[in-house]
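Participant: have a look at this fold, sequence not included:
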């Protein structure tokens, strides 16, 4: 859901006169109300959606949210609401507490695992709960509630929502399409939405036009003089709240003097602050305490206010705030009528009052230790080591719960309170490490910029280097940076995990960028000094990336003998990376699948985005295209949710290649253009070699043989930015195909002279396959039959794409030698495999060759692939494998009702009516 709704041109005016003491109905907002009413109707019908309203302070966002709330209540829908609070932005799940309070009594209908996750996250049980397991639990809870009564989730002041709640809200908002749920939020213009919510559909709320503004002002202040009236209209600039409040401010000053020239928001805050000045001292204490904690219950609010005022504070003082229009009651709680009122009161209060309010709140919140700690921190000026330690402990607990940004906020505050510069630096580095893990690179850079470089010891310097590899990868010269990382690792060899992590970072540059033999040797030598066990997954991955030809054989041997701990996701990930890079694709994909399963169980979506992407390029050549499409889209969804933008670009390489292989050339070019335009892809040879291979295939399949050969030839020039020392060999089959078509066989043989000895030296399956394939395709006529037979009997025969292409080459050669009857069998085999894969250009070529060999060939019948999206095909496959809707939902991070809705649509497209028929239907369709 990344669309944007265009701002509305509002021309309708629904103006009703009102007295100053009665809230006016919305003026000039019928078009907005109509759209929101439509979204509500769709949600009631089971077509869920999400929308974020943007606009300046006072523009009417809160009024529109209130109107939707009233519509929903009138229709007896379930309304869940929350308000982001600036001074609670660091408190994990503060917004979620507000949202879920009405639903928690229904949590017993969830599986025990989800019940516990919710209770732990909301502080009702001890333990840890990762963020995305919580998000899944909330999605299920909201979905179950919506099955009984449609649900409307309303969040105001989204820009101040705590990051943990924002993550969960984003997760839910992107997955309610098949539920009776409407997610409606409002955010202040000029302030970025929380990163997880970026990309949701949004709508700008515009100012009132002149006629509407005039009507609203006249309804509120009909006795204004013409001069003042015109000046207020100019100052308000169509802002409804200004039109309602500025006349009151003039009335209170008993003058027609127009407010001085300064921005509208401060003018409004001043108007609200004037109301604050009208209150008695106890009432002022009450609203200051409320401004310091807008979620505080009324009993504790009165207690804290009484302690601050040093006198009794009662509901009579609350009535004062109600009478001047600063505060309103919502159930048993008090709240400010507008967020600007809260900020006006908080800013107008003296420093002593603000610090005192937080101190008194801490005193009355002993039953809520986390909130108590934050109020103590807010009440503290200067340094306080004891409080810094408590905040660091709180950060550790938050991190264990998956509340990463809450941990970051606590670490930042702890760093500010710490008396030791070294301790402060260590805390900031830890905060930066967390933000890099969750993809918040801008926040990580801000934290790094605050680090006192003079306080860095060897360990802290190593940690900083590790962080910089994530947030500033492209800022360094690859070659010099590798040597720098090796030198830093050499200084922390006593910390083997940190040293290994730095060497892994250096080795990763060998995968993505260009690295000289000297640089790669430096990494390998330092790794030898580190002396990790020979079977350590990190050792194997670093060896594979840095010295694939020299150390690759030993790595492959270790992979063959290993019996790894499959519950260790990180170990499986490193083993998968090693196997994939060396060309043991099936083993590597198996490891990656296991790592992904662990990542799913742990809810590590950011890491999962990279894990899924790592294996999918290899799956293309194994012929698992439907899996590639489904998992790449899933990886991209996780990358969007977690801010891992690099994986969005890397995923486009997979999508471009699949599109090219299936003849969807314009789609492939669209993905290639996005890769080329992204600064994240600059200098990333591992991506650009894949993009260049795709360009070569497009040229080849479009009949431009010379262009194809020229494009693919570049991959073998080490000075060319699309070249890669290891992955160039994977392009050999395409180069051979282009060479035959362009009559450049001898030149191709010359380029590939190093391939046969390398395939012997490094016996990885992929290298063996491309060697056998190119030997057959580039063979002389006299040797061709033997070469084809040997290749098909060996490795190539078990790789569908290469096998079909070799059959096509063999059949074409036989046909051109006028051995027509012999040609038909390999051509039929090629056609059938290409049809099963959906490789339409090659399937067409096989049919053309068959026709030339004297055999007609009907067009491919539509298959399941043609009727289902990648996600639907993935769901159908999992269901055919016997997984329940809930199991599929847990695996794909969707609601089980969404899974049921998908299956309901899938059955008729496959011509079936029951779940038990899925396996046969998919088998008949030949899905890959």
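Facilitator: Looks like it came in fine. Model, not experiment: these values are computed from the prediction. Residues are numbered from 1 along each chain as shown.
Participant: residue ranges for the strands of the stretch 101-250 of the chain, please.
Facilitator: For the stretch 101-250 of the chain, applying DSSP state E, counting those that start in this stretch gives strands covering 151-156, 181-188, 202-204.
Participant: next: the stretch 301-450 of the chain.
Facilitator: Going by DSSP E, counting those that start in this stretch, the stretch 301-450 of the chain shows strands at 327-330, 333-336.
Participant: tell me which of the strands of the stretch 101-250 of the chain is the most buried.
Facilitator: Most buried of the strands of the stretch 101-250 of the chain, by mean neighbour count (mean count of other C-beta atoms under 10 Å): strand 181-188, with a mean of 26. In short, each C-beta sits where N, CA and C put it, glycine included.
Participant: that one vs strand 151-156, what angle?
Facilitator: 10 degrees (axes from the mean of the first three to the mean of the last three C-alpha atoms, to 10 degrees).
Participant: and the helix or strand harbouring residue 523, what does it pack against?
Facilitator: Here residue 523 sits within helix 517-530, counting by DSSP states H and E. Here helix 517-530 touches helix 478-490, helix 496-512, helix 537-546, going by 3 or more C-beta pairs under 8 Å, 6 or more residues apart in numbering; DSSP states H and E.
Participant: so which bits of that helix are buried?
Facilitator: 519-520, 522-524, 526-527, 530 (16 or more other C-beta atoms under 10 Å).
Participant: which of these sit farthest apart?
Facilitator: Maximum pairwise distance in these, criterion C-beta to C-beta, is 17.1 Å, between 519 and 530.
Participant: tally of neighbours for the residue lying closest to residue 336 once chain neighbours are set aside?
Facilitator: Spatial nearest neighbour of residue 336, excluding adjacent residues (C-beta to C-beta, 6 or more residues apart in numbering): residue 342 at 4.4 Å. Residue 342: 26 surrounding residues under other C-beta atoms under 10 Å.
Participant: do you know how far residue 342 is from residue 160?
Facilitator: Distance check for residue 342 against residue 160: by C-beta to C-beta, to the nearest Å, it reads 10 Å.
Participant: need the residues touching each of the two.
Facilitator: residue 85 (C-beta atoms under 8 Å, 6 or more residues apart in numbering).
Participant: residue 284: which element?
Facilitator: Per DSSP H and E: helix 281-292 holds residue 284.
Participant: how many neighbouring residues does the nearest residue to residue 307 once chain neighbours are set aside have?
Facilitator: Closest residue to residue 307 apart from its sequence neighbours, by C-beta to C-beta, 6+ apart: residue 360 at 4.3 Å. Look at residue 360: counted by other C-beta under 10 Å, it has 24 neighbours.
Participant: what do you get for the one 4 residues further on?
Facilitator: By other C-beta under 10 Å, 23 other residues sit near residue 364.
Participant: what about the closest residue to it other than its chain neighbours, how many neighbours?
Facilitator: Take residue 364 and drop its neighbours on the chain: the residue closest to it by C-beta to C-beta, 6+ apart is residue 300, 4.4 Å away. Counted by other C-beta under 10 Å, the residues lying close to residue 300 total 18.
Participant: going forward, the N-terminal residue is numbered 21.
Facilitator: Fine by me, first position is 21 from now on; the one you just mentioned is residue 320.
Participant: right, and the helix or strand after the helix or strand of the chain with the lowest mean pLDDT?
Facilitator: Ranked by mean pLDDT, DSSP states H and E, the helix or strand of the chain with the weakest confidence is helix 884-887, at a mean of 69. Next in sequence after helix 884-887, counting helices and strands by DSSP H and E, comes helix 890-900.
Participant: how far out from the middle of the chain is that following helix?
Facilitator: Centroid separation for helix 890-900 versus its chain: 22 Å, with C-alpha atoms, centre = their mean, to the nearest Å.
Participant: same for that helix, what does it pack against?
Facilitator: So helix 890-900, by 3+ C-beta pairs under 8 Å, 6+ apart, packs with helix 645-662, helix 884-887, helix 905-912, helix 916-930, helix 938-945.
Participant: lowest average confidence across the ones you listed, which one?
Facilitator: For the helices and strands packed on helix 890-900, mean pLDDT drops lowest on helix 884-887, to a mean of 69.
Participant: quick revisit: now tabulate the strands of the stretch 321-470 of the chain in a markdown table and tack on distance to residue 398.
Facilitator: Formatted as a markdown table, those follow (distance: least, C-beta to C-beta, whole Å):
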| stretch | distance to residue 398 |
| --- | --- |
| strand 347-350 | 21 |
| strand 353-356 | 18 |
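Participant: nearest to residue 725, out of these?
Facilitator: Using C-beta to C-beta, the strands of the stretch 321-470 of the chain put strand 353-356 closest to residue 725, at 71.3 Å.
Participant: picking up where we left off before, and the helices and strands packed on helix 890-900, which is most packed in?
Facilitator: Scoring the helices and strands packed on helix 890-900 by mean count of other C-beta under 10 Å, the most buried comes out as helix 645-662, with a mean of 24.
Participant: which neighbouring elements make contact with that helix?
Facilitator: Using 3+ C-beta pairs under 8 Å, 6+ apart, helix 645-662 is in contact with helix 183-193, helix 625-642, helix 665-681, helix 890-900.
Participant: which residues does the last one contact?
Facilitator: If you take C-beta under 8 Å, 6+ apart as the criterion, helix 890-900 is touched by 646-647, 649-654, 884-885, 888, 905, 907-908, 911-912, 919, 922-923, 925-926, 930, 935, 938-939, 942, 947.
Participant: same check on stretch 425-441?
Facilitator: 109-113, 182-184, 397, 400, 403-405, 407-409, 411-412, 414-416, 418-419, 443-445, 447-448, 450-451, 454-455, 458, 460, 463, 467, 470, 472, 474-475.
Participant: ok so, going back, what's the distance between the helix holding residue 543 and the middle of its chain?
Facilitator: Worked out by C-alpha atoms, centre = their mean, helix 537-550 lies 35 Å from the chain centre.
Participant: angle of that helix against helix 557-566?
Facilitator: 160 degrees.
Participant: and helix 537-550, average pLDDT?
Facilitator: 96.
Participant: thinking again about what came up before, which one, of the strands of the stretch 121-270 of the chain, ends up nearest to residue 620?
Facilitator: Nearest to residue 620, of the strands of the stretch 121-270 of the chain and by C-beta to C-beta, is strand 201-208 at 23.4 Å.
Participant: re the thing from before, ranking the helices and strands packed on helix 645-662 by mean neighbour count, which comes first?
Facilitator: By mean count of other C-beta under 10 Å, these have helix 183-193 as the most buried, with a mean of 26.
Participant: give the other helices and strands that it contacts.
Facilitator: Helix 183-193 packs on helix 114-120, helix 151-168, strand 171-176, strand 201-208, helix 424-437, helix 645-662, going by 3+ C-beta pairs under 8 Å, 6+ apart.
Participant: TSV please, covering those and showing distance to residue 783.
Facilitator: Formatted as TSV, those follow (distance: least, C-beta to C-beta, whole Å):
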stretch	distance to residue 783
helix 114-120	53
helix 151-168	40
strand 171-176	56
strand 201-208	54
helix 424-437	43
helix 645-662	26
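Participant: so which of those gets nearest residue 137?
Facilitator: Nearest to residue 137, of the helices and strands packed on helix 183-193 and by C-beta to C-beta, is helix 151-168 at 4.5 Å.
Participant: helices or strands next to that closest one in the packing?
Facilitator: In terms of contacts (3+ C-beta pairs under 8 Å, 6+ apart), helix 151-168 is packed against strand 98-103, helix 114-120, helix 132-141, strand 171-176, helix 183-193, strand 201-208, helix 916-930.
Participant: okay if I get these as JSON lines plus distance to residue 589?
Facilitator: Below are these laid out as JSON lines (distance: least, C-beta to C-beta, whole Å):
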{"stretch": "strand 98-103", "distance to residue 589": "33"}
{"stretch": "helix 114-120", "distance to residue 589": "27"}
{"stretch": "helix 132-141", "distance to residue 589": "19"}
{"stretch": "strand 171-176", "distance to residue 589": "32"}
{"stretch": "helix 183-193", "distance to residue 589": "20"}
{"stretch": "strand 201-208", "distance to residue 589": "31"}
{"stretch": "helix 916-930", "distance to residue 589": "24"}
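Participant: alright, calling it a day.
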